[in-house]
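Novice: please find the sequence and the predicted model below.
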Amino acid sequence: MKNLIFFFLFLGIATLYIGCSDNNPSAPGLNQNDQVTTTLDKKPAPNLIGTMDLIFAAGTQGDVAWDGTIDFEGNPTTYGIRFHHLESSVGVIGQVNHFEEYFEIYDLGNPTIVYLGGPDEGVVSLANKPPEDTKFMANGEVDLANAPFEKWLGRNTHMSGVVTWQILNTPDGEVVVPATAPGTFRIN
C-alpha cells in the first residue's frame, strides 16, 4: 500500500512538471508566458445603471404615462425616458396598484430616435395613503436596443423609486394624483 501511495505521488509530480515545463510536448510553441485566448475571455455586457427623474403625464392606455430624463453612470449624455401605459389585467388589489407599461429611452434632441425599449410590470405600494410618498418597483426585459446600447438586447430591467403625489382641486373636489417618480433604472 505504501508503494502505491508513493507511485501516485511520483506520477502527480511528474505530470505537474511536464504540464508546466517549457518543453511540454503536448503544447509545442507555447511557454508559460504565453496568453491563451478562449471563448470564455469574452465578457458579457456590464450592468447599465441610471438615475431617472420622471413627471406624471396622465396618459391613458397606450399614451405616455410618465416622461422624464435618465442619466447613466459613466455616460455624460442625458437621455429621455418615457413609459407608455398598457392595460393591466390586475389593477388595485388591497394596498398595491399593479401596472404594465412599455419603456423607451430616447434622444432628447429627437424623440423619434429610440435607443432602448421593452415591456415591464410593476407595483406601487399604496400603504402610505397618498399624498404621502409611496414606493414603486418594476421588472421587465429589453426587446429593442440600438447603438450605442445594442449589447443590452434581451437583458432584464429593474426599476425602483418613490412616487410623490399632489392634490389637485377639480370642480368635483380634491383629487390625489401622481406628481413625480425619481428612481433607479438598471439593466443586468
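Specialist: Great, that's in hand. Bear in mind the structure is a predicted one, so any value in this text is a computation, not a measurement.
Novice: now the element after the helix or strand bottoming out on mean pLDDT in the chain, going C-ward?
Specialist: In the chain, no helix or strand scores lower on mean pLDDT, DSSP states H and E than helix 2-20, which sits at a mean of 56. Sequence-wise, the next helix or strand downstream of helix 2-20 (DSSP states H and E) is strand 48-56.
Novice: for that next one, packing partners?
Specialist: strand 64-72, strand 78-86, strand 173-180, strand 183-187 (3 or more C-beta pairs under 8 Å, 6 or more residues apart in numbering; DSSP states H and E). (Glycine included, C-beta is placed from N, CA and C.)
Novice: how does this structure divide into domains?
Specialist: 2-34, 49-187 (automatic domain parsing).
Novice: how about the secondary structure of residue 112?
Specialist: coil (DSSP: H, G, I helix; E, B strand; the rest coil).
Novice: residue 123 contacts residue 139, doesn't it?
Specialist: No: contact criterion C-beta atoms under 8 Å: residue 123 and residue 139 do not qualify, at 10.0 Å.
Novice: tell me which of the domains of the chain sits most buried.
Specialist: domain 49-187 (a mean of 16; mean count of other C-beta atoms under 10 Å).
Novice: end-to-end on that one?
Specialist: Length of domain 49-187, first residue to last, C-alpha to C-alpha, to the nearest Å: 6 Å.
Novice: next one: that domain to chain centre, how far?
Specialist: 13 Å (C-alpha atoms, centre = their mean, to the nearest Å).
Novice: what bits of this protein have low per-residue confidence?
Specialist: 1-43, 59-62 (pLDDT under 70).
Novice: list of residues touching the top strand by length along the chain?
Specialist: Criterion DSSP state E: the longest strand present in the chain is strand 156-170. If you take C-beta atoms under 8 Å, 6 or more residues apart in numbering as the criterion, strand 156-170 is touched by 52, 103, 118, 120, 122, 124, 130-142, 174-188.
Novice: and if we set it to 7 Å?
Specialist: Counting by C-beta atoms under 7 Å, 6 or more residues apart in numbering, strand 156-170 makes contact with 52, 118, 120, 122, 124, 130-131, 133-142, 174-188, all of which sit outside it.
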